[in-house]
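Visitor: Would you be able to build a 3D model of this:
(chains A and B)
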Amino acid sequence: MAATIKIVEKNGAGGTQTDKTSGEIRFKQADNATVDNNHRLVAADGSTCYSVEKWLRLKAETAPSVDITNVRFYTDGANGFGTGIGLYAKAVASYSQPAQPNSVAGYSNAFTFTSAAALSLGAGVQLANPATGEFGDHAVLCMTIGSTAGPGLTAAETLTFSYDET
Amino acid sequence: MIDYRITPQEDGSVEAAANDPWHVPRVVVLPPGGTDGRIFHRRALRHHGDGRSEEVHWLVAELGEVRAYYDGENLILTTQDLYP
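Guide: Numbers count the residues shown, from 1 in each chain, chains lettered A, B, ... in the order given. From the prediction side, this is the model:
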């Protein structure tokens, strides 16, 4: 049988996991996985507001028959969030508590990662039978809000994690 | 979405058959080829911003530089490395 895979968001110093496979991922100025309107991203006076990072990773609840390789992350390639709103991404192997950066140095525009040019989260064997648990690198995301952004919740966007399983 | 069971055969080939008995099993057999041939699942978890998620499952048979991608309905033969 195929392994059962989830997307988890990790928060706090210890990397507490929250299952986000079927849950909203809310970018904010706080390190938590709660879907609410607190700690909003606000840009004023021509400045840019950076969200606290979102650390996302795949987790196997059941083991693959043999192994899982070639873990990737990508978007549809088109920023649908709206004017003044950006999303940046990078791959990180080891977890550290989500921070609120003051630049996007070290990140790439997440919408440059597409199915044809994805962000690699680990090419070789990332999880082998009978192991379960987290696997692959973390996809670390940061949202930016410029002063040209409109108020309110953004439109929804789609993020894809892919992997090969045998 | 069809779940496949991949089984190496004694002659060195690999066979993939649907786990669902109600689905007409589609079997792919590759001749012995060492590293030239393999079958694997290419899966994707697509997370939509509103909280919905979608699971995509392709069966991929690779022989040399040619790959066959099968999603349960469509079969694509190509040398490209495709992702859902």
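
Visitor: Please make it C-alpha for all contacts and neighbour counts, starting now.
Guide: Fine.

Visitor: I'd like the distance between the residue nearest the centre of chain B and chain A.
Guide: The centre of chain B sits closest to residue B:59, judged by Cα atoms, centre = their mean, with a distance of 1.1 Å. Noted for residue B:59: a distance of 10 Å to chain A, by Cα to the nearest Cα, to the nearest Å.

Visitor: Which strands or helices does the host helix or strand of that residue pack on?
Guide: Secondary structure from DSSP states H and E places residue B:59 in strand B:53-63. Judged by 3 or more Cα pairs under 8 Å, 6 or more residues apart in numbering or on different chains; DSSP states H and E, the packing partners of strand B:53-63 are strand B:37-48, strand B:66-70.

Visitor: Next, the angle strand B:37-48 makes with that strand.
Guide: 160 degrees (axes from the mean of the first three to the mean of the last three Cα atoms, to 10 degrees).

Visitor: picking up where we left off before, from memory the residue nearest to the centre of chain B sits against residue B:67, does it?
Guide: No - in this structure residue B:59 lies outside contact range of residue B:67 using Cα atoms under 8 Å: 10.1 Å.

Visitor: Any buried residues in the strand holding residue B:59, and which?
Guide: Within strand B:53-63, the residues that count as buried by 16 or more other Cα atoms under 10 Å in any protein chain shown are B:53, B:55, B:56, B:57, B:58, B:59, B:60, B:61, B:62, B:63.

Visitor: what do you get for stretch A:9-20?
Guide: A:9, A:10, A:11, A:17, A:18, A:19, A:20.

Visitor: Averaged pLDDT, the helix or strand harbouring residue A:90. What do you get?
Guide: Here residue A:90, judged by DSSP H and E, is contained in strand A:85-92. For strand A:85-92, the mean per-residue pLDDT is 98.

Visitor: Would you tell me which residues of chain A are close to chain B?
Guide: Neighbours of chain B within chain A, by Cα under 8 Å from any Cα of the partner chain: A:1-2, A:7, A:20-25, A:115-116, A:155-166.

Visitor: which among those residues end up buried?
Guide: Looks like the residues of chain A next to chain B have A:2, A:7, A:20-25, A:115, A:157-166 buried, using 16+ other Cα under 10 Å.

Visitor: Surely residue A:133 is in contact with residue A:61?
Guide: Yes - with contact defined as Cα under 8 Å, residue A:133 counts as touching residue A:61 (6.3 Å).

Visitor: Do you know the pLDDT at the nearest residue in space to residue B:55 that is not next to it in sequence?
Guide: In this structure, residue B:55 finds its nearest non-sequential neighbour in residue B:45, 4.8 Å apart by Cα to Cα, 6 or more residues apart in numbering or on different chains. What the model reports for residue B:45 is a pLDDT of 95.

Visitor: How about the contacts made by residue B:45?
Guide: A:7, A:21, A:160, A:161, A:162, B:53, B:54, B:55, B:56 (Cα atoms under 8 Å, 6 or more residues apart in numbering or on different chains).

Visitor: can you rerun that using 6 Å?
Guide: Each residue near residue B:45 by Cα atoms under 6 Å, 6 or more residues apart in numbering or on different chains is listed here: A:160, A:161, B:54, B:55.
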